[in-house]
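In: Next comes the sequence, and after it the predicted model I'd like to discuss.
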Amino acid sequence: MTTRNINATIITIGDELLIGQTIDTNSAWIAQELNKIGIWVHRRLAVGDVWKDIWQSLEEESRLSDVILITGGLGPTADDITKPLLCQYFDGKLVVNAEALQNVKHIFEVYLKKPLLERNLKQAEVPDTCTVIQNKRGTAPGMWFEKNNRIFMSMPGVPHEMKGMMIHSVLPKLAEKFQLPPIVHRTLLTAGIGESFLAERIKEFESTLPSNIKLAYLPNYGMVKLRLTAHGNDPKTAAKLEAEFDMLKQQIADVLVADRDTTMQEVVGDLLKQKKQTLSIAESCTGGYIAHTLTQFPGSSQFFLGGVVSYSNNLKEKFIDVRPQTLAGYGAVSRETVIEMAEGVLRHTGSDFSIATSGIMGPDGGTPEKAVGTVWIAVASRKTSEAHSYYFRFDRQRNIEMTAMYGLNILRKFILDQ
């Protein structure tokens, strides 16, 4: 049983990752789960479907890491070369695994209701030098290898399949293999202050942190997370981490959103659920994005009634009672219009709170009076309403995301003030 710190490398395989056609979400999820059991990820690599590149990555990472986790390249097509490569790398030969074969047949007969092709049957073949990890969510089995005191785990690139394998087999197996010292994180969320200004404010605090406690800045769309990390299971270390975290919260209390690792949409949702209050939305420039962020999480039906994506002026007038003279006199992107949008959707839905957005997301549509990136956000309750204007200088997608996050933070503070 090993007692030292364990490092890991995550290798994702596929040309689609290198050209940006597919976004690598596997690495982030795997890193988070490894971190929870005390394994530190110090390298993440994306490699194309090239034999020598994959082989070289295995060689290099086995010199640096105790655990190498691989996703991708296990499909039934010619460009999926991971399995034959691993067979050669670990001096094995391909054999049919009976349980994997039965799994492939079951999926095609019961779920797909299609005839099996020869290439599908070959997915049940594995190197005889591996321990097979069965795939309960797909056809390609996982493969666990051990060589020179290193562990190599190959899994499908399909996130749903990989996650099932990790949760039910790989993580428990790693925890059993190693005696892992815990990695403890304490994270808080701030909003309304940039990363550099935040760093300047807490520079003295950061300079006096003990050597075994590290501070990380994690900026994203108008918010910054601050994370303190400590290694080891010494109770004194844990107590010191909590003391430092409390001190950090005091220093940034005016911009503190939450003292846990969370998102702005979860904070708003939790706040509404705690108060047993409801929300409706009138979105123009964000095109439904705010509603999307709020409904990603279970339990959103407890507080979110619904909304209107009123992109055209006609729908603003017809469905949420924006007056024609308001649009004619002030324009769609104005304080007056978003106030009427917020109040109109509140009136129609009967919610306790509402939020409305209107802006020019770009890259076209700006005028000398209202440049691209101009945004108005309004929030309303049954008692009052207010509106705020911002200017975002980014591309269309980031402007939308910034508008959503700023709007949710305005809503959060509005709810608390009410």
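Out: Alright, I've got the coordinates.

In: make it CA atoms for all contacts and neighbour counts henceforth
Out: Fine.

In: Other residues contacting the worst-scoring helix or strand of the chain on mean pLDDT?
Out: The helix or strand of the chain with the poorest confidence is helix 118-121; it has a mean of 86 (mean pLDDT, DSSP states H and E). With contact meaning Cα atoms under 8 Å, 6 or more residues apart in numbering, helix 118-121 is reached by 76-77, 101, 104, 139.

In: now with 6 Å?
Out: If you take Cα atoms under 6 Å, 6 or more residues apart in numbering as the criterion, helix 118-121 is touched by residue 76.

In: Equivalent analysis for stretch 277-297, please.
Out: 265, 303-311, 351-359, 400, 404.

In: residues of that stretch that come out buried?
Out: Within stretch 277-297, the residues that count as buried by 16 or more other Cα atoms under 10 Å are 277-291, 293-295.

In: So the residue of the chain most remote from its centre: helix, strand or coil?
Out: Using Cα atoms, centre = their mean, the residue of the chain lying farthest from its centre is residue 325. It sits 42.7 Å away. Here residue 325 takes the helix state, with states given by DSSP: H, G, I helix; E, B strand; the rest coil.

In: Following the least confident helix or strand of the chain in sequence, what is the next regular element?
Out: strand 125-127 (DSSP states H and E).

In: What helices and strands are in contact with that following strand?
Out: Based on contacts counted as 3 or more Cα pairs under 6 Å, 6 or more residues apart in numbering; DSSP states H and E, the elements that strand 125-127 packs against are strand 94-96.

In: now for the next helix or strand after the strand it packs on, which elements pack on it?
Out: Beyond strand 94-96 in the direction of the C-terminus, DSSP H and E gives the next helix or strand as helix 98-106. The helices and strands touching helix 98-106, judged by 3+ Cα pairs under 6 Å, 6+ apart, number zero.

In: export helix 98-106 as CSV, just CAs?
Out: Taking Å, rounded to 0.1, in the frame of the first residue of the first chain, the C-alpha atoms of helix 98-106 are listed here in CSV:
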residue,chain,number,x,y,z
ALA,A,98,-16.9,-13.0,-23.0
GLU,A,99,-18.7,-10.5,-20.7
ALA,A,100,-17.9,-7.6,-23.1
LEU,A,101,-19.2,-9.7,-26.1
GLN,A,102,-22.5,-10.4,-24.3
ASN,A,103,-22.8,-6.7,-23.4
VAL,A,104,-22.4,-5.7,-27.1
LYS,A,105,-25.0,-8.3,-28.2
HIS,A,106,-27.4,-7.2,-25.6
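
In: chain center to stretch 146-154, what's the gap?
Out: 28 Å (Cα atoms, centre = their mean, to the nearest Å).

In: For the single longest helix found in the chain, buried residues please.
Out: Taking DSSP state H as the criterion, the chain has its longest helix at helix 396-417. For helix 396-417, the neighbour count (16+ other Cα under 10 Å) marks 396, 399-412, 414-415 as buried.

In: Equivalent analysis for stretch 57-75, please.
Out: Buried, per 16+ other Cα under 10 Å, within stretch 57-75: 57-58, 61-62, 65-75.

In: Same check on stretch 365-377?
Out: For stretch 365-377, by 16+ other Cα under 10 Å, it's 371-377.

In: picking up where we left off before, by contact count, what packs against the longest helix of the chain?
Out: Against helix 396-417 (3+ Cα pairs under 6 Å, 6+ apart) you get no helix or strand.

In: what comes into contact with it?
Out: Helix 396-417 is touched from outside by 221, 268, 286, 290, 361-362, 392, with contacts defined as Cα under 6 Å, 6+ apart.

In: Same question for stretch 17-28.
Out: Residues contacting stretch 17-28 (Cα under 6 Å, 6+ apart): residue 16.

In: hang on, residue 186 in a strand?
Out: Yes. Counting by three-state DSSP, residue 186 is found in a strand.

In: Isn't it up against residue 230?
Out: No. Contact criterion Cα atoms under 6 Å: residue 186 and residue 230 do not qualify, at 8.9 Å.

In: Which of the two has more residues huddled nearby?
Out: Just comparing residue 186 and residue 230: by other Cα atoms under 10 Å the higher neighbour count belongs to residue 230, 20 against 17.

In: Need the nearest residue in space to the more buried one, chain neighbours excluded.
Out: Counting by Cα to Cα, 6 or more residues apart in numbering, residue 230 lies nearest to residue 213, which is 4.8 Å off, once chain neighbours are set aside.

In: Tell me how far that neighbour lies from residue 256.
Out: 21 Å (Cα to Cα, to the nearest Å).

In: repeat for residue 232
Out: Taking Cα to Cα, one finds residue 232 at 28 Å from residue 256.

In: all strands of the stretch 51-200 of the chain, in order?
Out: 67-71, 94-96, 125-127, 131-133, 142-147, 150-155, 183-191 (DSSP state E, counting those that start in this stretch).

In: Run me through the strand neighbours of the third one, direction for each.
Out: Pointing back at strand 125-127 there. strand 94-96 (antiparallel) (DSSP bridges).

In: how about the helices in the stretch 151-300 of the chain?
Out: 159-165, 171-177, 195-201, 203-207, 235-251, 264-275, 289-294 (DSSP state H, counting those that start in this stretch).

In: Pipe those into a markdown table and attach distance to residue 8 per row.
Out: A markdown table is the format used below for those (distance: least, Cα to Cα, whole Å):
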| stretch | distance to residue 8 |
| --- | --- |
| helix 159-165 | 17 |
| helix 171-177 | 11 |
| helix 195-201 | 29 |
| helix 203-207 | 28 |
| helix 235-251 | 24 |
| helix 264-275 | 30 |
| helix 289-294 | 32 |
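
In: Tell me which of those helices sits nearest to residue 126.
Out: Closest to residue 126 of those, according to Cα to Cα: helix 159-165, at 16.1 Å.
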